[in-house]
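would you be able to build a 3D model of this:
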Amino acid sequence: MKVLLLTRYARLGASSRLRTLQYLSYFKFLGWQVDPAPFFSNAYLEKLYSGKTTLKEALLAYWGRIKVLACAGRYDLVWVEKEILPFLPAAAERLLKALGMPYMVDYDDALFHRYDLHRLPVVRVLLGRKIDAVMKNAALVVAGNQYLADRAKSAGAKRVEIVPTVVDLNRYPAVDDQPDKSMEPQVVGWIGTPKTSRYLYPLKSVFESLQSQFNVRFAAVGATRKSLSDLPVEPWQWSEDTEVDSIRKFDIGIMPLEDSPWERGKCGYKLIQYMACGLPVVASPVGVNKEIVEAGVNGWLVEEGSEWQKKMAILIRDARLRQRMGSYNKAKVAQWYSLQAQADRVINLFVEAANK
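Residues are numbered from 1 along each chain as shown. Sure, this is the predicted structure:
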């Protein structure tokens, strides 16, 4: 089997690394040829995260993707992450369909809302139904959650399968393998990017109140001091090599979100990372979070600031409860939210899509 893999990013982009690239070793073991061709380079992301101009890298991305598409006929299947050419009509996907070249497309967020809810009317008019066309013409749509799957079905997709965003268990040893931390401050942690650290701002008063009551620290992996502004939260540097070690220093993992269409399309990967490290979780009841978190069993879903404070205080006080919830979470991740649990499903989906 020869597969052309049109990812959004190279390894620096979390969505590409987790939704597609971490499966490559399984395909290689089967003797398949899978050729990744990222749209945006690592240089683009590095500039984007640092607030620098990315026009040159973006133009190079479009030219590189067009050159790659010219070679698509050499493959049995094209694996597309989200879309082939951002902010252009779905002409490339329609062309693949017309040429009889099967493609499967993967979504881990509500990309369609980037167009149909765009602030500019011209974008909404020209591209508002673009992703529906991409989904409809695909041999298979792989969605990270039910919200995304429902959109694909309403768009007329021929086949839709839900595959969660997963972790590789080999990279996630449990927190309870660490030395005793009972005399140290409890660490309530979050992981993300400078851009998404905005979700922490509504909890500022909660953080301040908890710090006045307990020996507790708040940490944000992947944020910067600038993005956290005056929040009482420590920015911790992120890298792929150190992210698991950083999460293992947490005692509680949190995932606050707004309740809006874009957030309902998220796949809860933060929660899965925390759970894989044996941590209890506290999260907003938005989108797939409501499926991942079982209230009182492996964590809590909370809306109001007072509830955030109450539930985090319970976990800060009770080490046994944290351990019990964490142990449950490790088992839950191993059963469904792990690379080891999903790899065979993904391989079979590839074979079926290529045969179509």
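
quick one, what contacts Y274?
G189, I247, F250, G253, M255, V281, N329 (C-beta atoms under 8 Å, 6 or more residues apart in numbering). All C-beta atoms are positioned from the backbone trio N, CA, C, and that covers glycine.

7 Å instead, please
For Y274, the contact set (C-beta atoms under 7 Å, 6 or more residues apart in numbering) comprises I247, F250, G253, V281.

hey, where'd the strands end up in the protein?
In the chain, the segments counted as strands under DSSP state E are 2-6, 33-36, 77-81, 103-107, 140-143, 160-162, 186-191, 216-221, 234-236, 252-255, 281-283, 299-301.

how about residues contacting the fourth one?
Pointing back at strand 103-107 there. Here strand 103-107 has contacts from 19-20, 77-82, 93, 96, 134-135, 138-144, 148, 353, using C-beta under 7 Å, 6+ apart.

least trustworthy helix or strand in the protein by mean pLDDT?
helix 42-50 (a mean of 79; mean pLDDT, DSSP states H and E).

any weak-confidence spans in this structure?
174-183, 356 (pLDDT under 70).

domains of it?
2-166+339-355, 169-335 (automatic domain parsing).

how far does the first one sit from its chain's centre?
The offset between the C-alpha centroid of domain 2-166+339-355 and the centroid of the whole chain comes to 14 Å, using C-alpha atoms, centre = their mean, to the nearest Å.

and that domain, end to end?
12 Å (C-alpha to C-alpha, to the nearest Å).

same thing with stretch 102-112?
21 Å.

please name the nearest non-neighbouring residue to G156.
K136 (4.4 Å; C-beta to C-beta, 6 or more residues apart in numbering).

any idea how many residues pack against the one you found?
For K136, the count of nearby residues is 18 (other C-beta atoms under 10 Å).

surely it and V160 touch.
No - using C-beta atoms under 7 Å as the test, K136 is too far from V160 to be in contact (11.1 Å).

name the residues contacting each of the two.
In contact with both K136 and V160: no residue, using C-beta under 7 Å, 6+ apart.

torsion angles phi and psi at D251?
Main-chain torsions, D251, degrees, to the nearest 10: phi -110, psi -20.

beta-bridge partners for the nearest residue to it once chain neighbours are set aside, please?
Among residues not flanking D251 along the chain, Q186 sits closest, at 4.6 Å (C-beta to C-beta, 6+ apart). For Q186, the beta-bridge partners under DSSP bridges are V216.

how near is Q186 to T193?
24 Å (C-beta to C-beta, to the nearest Å).

of these two, who's got more company?
Each of Q186 and T193 had its neighbours counted (other C-beta under 10 Å), and the higher figure belongs to Q186 (21 against 17).

ok so, going back, what's near enough to touch the residue nearest to G156?
Contacts here follow C-beta under 7 Å, 6+ apart; on that basis K136 touches A155, G156, A157.

filter those down to the buried ones.
A155, A157 (16 or more other C-beta atoms under 10 Å).

and which of the contacts of K136 is nearest K47?
Sorting the contacts of K136 by how near they are to K47, with C-beta to C-beta, puts A155 at the top with 33.3 Å.

look up the closest residue to that closest one, ignoring the ones flanking it.
Using C-beta to C-beta, 6+ apart, the closest residue to A155 is D132 (3.7 Å).

that neighbour and K153 touch, don't they?
No - D132 is beyond contact range of K153, at 10.7 Å (criterion: C-beta under 7 Å).

tell me which of these two has more neighbours.
Counted by other C-beta under 10 Å, D132 and K153 do not tie: D132 has more neighbours, with 19 against 14.

quick one: that one and L55, what's the gap?
In terms of C-beta to C-beta, D132 sits 29 Å off from L55.

again, but for A43
Taken as C-beta to C-beta, the span from A43 to L55 is 12 Å.

and what of P164?
35 Å.

what segments of the stretch 251-356 of the chain are helices?
For the stretch 251-356 of the chain, the helices defined by DSSP state H, counting those that start in this stretch occupy 261-264, 269-276, 289-292, 305-317, 319-335, 339-355.

could you export those as CSV, including distance to F29?
Formatted as CSV, the helices of the stretch 251-356 of the chain follow (distance: least, C-beta to C-beta, whole Å):
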stretch, distance to F29
helix 261-264, 36
helix 269-276, 23
helix 289-292, 29
helix 305-317, 40
helix 319-335, 20
helix 339-355, 10
